[in-house]
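# give the three-dimensional model of this entry:
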Amino acid sequence: MVDDAKADTEMVIPLVAERVAIARRVMETGRVRVNLSTTTEDALIRETLSGERVEVERVVLGHEVATAPNVREEEDGAVLVVPVLEEILVVERRLVLKEEVRIRRIATTETVAETIPLRRQVASVERLSATASEGSPDAQARPEDGTGDST
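Okay, the predicted model is just below:
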């Protein structure tokens, strides 16, 4: 009976707990306008250009040869010698080395400065008032799509 009396005097008190659920959504609080403008400024560039020019020298010889000489190189390949032949008619035919054309290669370098235009973009940002954008359909709150800040 002691247990029955004890059971009658016990009270059960239910406990209540509150929970918080946090959700995020994107709210438009204002707009900005970004204008890009491109400017051009002149830049001076300097570069060394390499090239080659050719000098032609004619050497008059005027003597007879038995056979036509070959084209040859002289001065370690710096000069190309091209023989020029002429056939003259006498009682007999003879080869006369009339002249040689000497072609010389000369390496050159030149520093060139040139002004070229360079383009540069500048962005100006203008904040629009929130009241001007409230009437637009985009001003409604929409769920966050993960593509930017909610500000």
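
# so where's the protein shaky on pLDDT?
Counting by pLDDT under 70, the low-confidence segments of the chain come to 1-8, 130-151.

# if we use 80, what do you get?
1-9, 89-93, 129-151 (pLDDT under 80).

# all helices for this structure, in order.
2-9, 130-133 (DSSP state H).

# okay, residue 110 and residue 42: tell me how far apart.
21 Å (C-beta to C-beta, to the nearest Å). Quick note: C-beta positions are derived from backbone N, CA and C, even for glycine.

# what sits against residue 109?
48-51 (C-beta atoms under 8 Å, 6 or more residues apart in numbering).

# the same query, at a cut-off of 7 Å, please.
For residue 109, the residues meeting the contact criterion (C-beta atoms under 7 Å, 6 or more residues apart in numbering) are 48, 50.

# do residue 79 as well
Counting by C-beta under 7 Å, 6+ apart, residue 79 has contacts 73, 102-104.

# which strand residues bridge residue 48?
On the basis of DSSP bridges, residue 48 is bridged to residue 111.

# ok, it - how many residues close by?
8 (other C-beta atoms under 10 Å).

# same check, this time on the one 5 residues further on
Using other C-beta under 10 Å as the criterion, residue 53 is surrounded by 9 other residues.

# can you check the one 4 residues further on too?
Under the neighbour criterion other C-beta under 10 Å, residue 57 is assigned a count of 11.

# likewise for the one 10 residues further on?
Here the count is done by other C-beta under 10 Å, and residue 67 has 6 residues near it.

# how far away is it from residue 101?
For residue 67, the distance to residue 101 - C-beta to C-beta - is 19 Å.

# then residue 66?
As defined by C-beta to C-beta, residue 66 lies at a distance of 21 Å from residue 101.

# neighbour count for the two, which is higher?
For residue 66 versus residue 101, neighbours defined as other C-beta under 10 Å are more numerous around residue 101 (14 against 6).

# thank you kindly, that will do.
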